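Student: With the input below, show me the fold.
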Amino acid sequence: MVKHRILIVGVGSIGERHTRTFQRTGRADLALCESNEQLRKTVADRYGIARTYAGLDDALNDDRFDVGLICTPSHLHIPMATQLVKANKHVFIEKPLSLSLDGVSALVKLIKEKGVKSAVAYTYRSHPALRSMKEAIDSGRFGEPVQVIGTWGQHFPKYRPAYREIYYTSRKTGGGAIQDVLTHAINAGEFLVGPVSRLMADCGHQVLEGVTVEDTVHVITRHSGEKVMGCFSLNQHQAPNENTVTVVCKKGTCKWDLNNARWLSMAEPEGGWKTEFQFSTERDDIFVNQANLFMDAMEGKGNFACSLEEGLQTLRVNLTVLQAADNPNWVSLAAVP
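Tutor: Residues are numbered from 1 along each chain as shown. Alright, predicted model coming up:
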């Protein structure tokens, strides 16, 4: 078995999860890079990781890895990826790719010049149920897609109580509902029915205490050369934990239900939902699948679940949603004569 030598850069919440789940595959030789000494030691001890580094320069000087998995705050993704690619390392970058387009074109050019591989870690593109649903839609079984609906909501104070103390508090570090969670829904929608070509949006801070960034978002989209209409709604304060993406086709409807790790179909009115594929509801299992798919692609066995180009497309959507939501084009009701 090939052992992939992977440096995990940043071992906060998502970096630790990648450490744990890549380790579970048995296919990776891991090293950690983390500037916080106590955090670095804690995570290394917890998972028995022998090689650790206080900074990326130290890791590159030692030069005992082939892939950099970047799990730092989003505004650091492009500079760190550029440094790694210059050193002829492959890169796997956590979502979103960045918070702006600065440096992205130069990174894409450098990757081509160096001949290294790259991907973006939009985890749900590796979800077996979502991938199974995409295969069914692409097969033409349900006819041509005409609409995609994303409905997402979660109670942040329960599920992510530290939101007031982390990157989430500022858009400059990737915070707010649009860059933090809506980007997952949009990316999944693009995976299923094609890239967004234009959109309208609205957002607001409605409920969450201790922050001022938006916690509620509505987006209307057009996909795939205007053929598919879309809408995505998300809030981070409702009681139900709800994450679904529904694709309405001419001959049937498909629904991906993330919380129950399945997808369902309905082809006839009042015919009832049919469970087409059921996956594990254990959250780490999705990340293990993502790790395996990434390493398969590194070995030439299939494509990356989300390429750099696809991650860049979703970044462009993120930035457009931010712009449109901050300047919504409202149309007032006509006056009653």
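
Student: Break the protein down into its domains, please.
Tutor: Split into domains by automatic domain parsing, the chain comes to 4-116, 127-280+315-326.

Student: can those go into TSV with extra columns for mean pLDDT?
Tutor: As requested, those are arranged in TSV below (pLDDT from 0 to 100):
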stretch	mean pLDDT
domain 4-116	97
domain 127-280+315-326	96
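
Student: To F287, which of those lies closest?
Tutor: Evaluated over the domains of the chain, closeness to F287 peaks at domain 4-116, with 3.9 Å, by C-beta to C-beta. Bear in mind the C-beta positions are built from the backbone N, C-alpha and C, glycine included.

Student: The closest one spans what distance, first to last residue?
Tutor: One end of domain 4-116 sits 14 Å from the other (C-alpha to C-alpha, to the nearest Å).

Student: Check stretch 24-39 too.
Tutor: Terminal residues of stretch 24-39 are spaced 21 Å apart (C-alpha to C-alpha).

Student: Show the residue spans covered by the strands in the stretch 151-300 of the chain.
Tutor: Under the criterion DSSP state E, counting those that start in this stretch, the stretch 151-300 of the chain contains strands at 196-204, 216-223, 228-235, 242-249, 252-257, 262-266, 274-278.

Student: Okay, buried residues for stretch 248-259 please.
Tutor: Residues of stretch 248-259 classed as buried by neighbour count (16 or more other C-beta atoms under 10 Å): V248, C249, G252, T253, C254, K255, W256, D257, L258.

Student: re earlier: relative to M298, which of the domains of the chain is closest?
Tutor: Nearest to M298, of all these, is domain 4-116, at 6.3 Å by C-beta to C-beta.

Student: next one: the longest helix anywhere in the chain to chain centre, how far?
Tutor: Taking DSSP state H as the criterion, the chain has its longest helix at helix 308-326. Its chain's C-alpha centre lies 12 Å from the corresponding centre of helix 308-326 when counted by C-alpha atoms, centre = their mean, to the nearest Å.

Student: list the helices and strands it packs on?
Tutor: Packing partners of helix 308-326 (3 or more C-beta pairs under 8 Å, 6 or more residues apart in numbering; DSSP states H and E): helix 104-114, strand 118-121, helix 183-193, strand 196-204, strand 216-223.

Student: packing partners for the third one?
Tutor: If contacts are counted by 3+ C-beta pairs under 8 Å, 6+ apart, helix 183-193 sits against helix 128-138, strand 145-153, strand 196-204, strand 216-223, strand 228-235, strand 242-249, helix 308-326.

Student: I'd like to know which of the ones you listed lies nearest to N61.
Tutor: Of all the helices and strands packed on helix 183-193, helix 308-326 sits nearest to N61, with 26.0 Å by C-beta to C-beta.

Student: Give me the contact list for the closest one.
Tutor: With C-beta atoms under 8 Å, 6 or more residues apart in numbering as the contact definition, helix 308-326 has outside contacts at 93, 95-98, 100-101, 104, 108, 111, 118-120, 122, 171, 178-179, 182-183, 186-187, 190-191, 195-196, 199-203, 214, 217, 219.

Student: Narrow those residues to just the buried residues.
Tutor: Buried members of the contacts of helix 308-326, counted by 16+ other C-beta under 10 Å: 93, 95-98, 104, 111, 118-120, 122, 171, 178-179, 182-183, 186-187, 190-191, 195-196, 199-203, 214, 217, 219.

Student: and G143, how far is that from V245?
Tutor: Distance, G143 to V245, using C-beta to C-beta, to the nearest Å: 18 Å.

Student: how long is stretch 252-267 from one end to the other?
Tutor: First-to-last distance for stretch 252-267 - C-alpha to C-alpha - comes to 4 Å.

Student: do the same with stretch 82-90
Tutor: Termini of stretch 82-90 sit 10 Å apart (C-alpha to C-alpha).

Student: and Q238, how many neighbours?
Tutor: As a burial measure, Q238 scores 15 neighbours (other C-beta atoms under 10 Å).

Student: And it, its phi and psi?
Tutor: Backbone dihedrals for Q238, given as degrees, to the nearest 10, come out at phi -70, psi 160.
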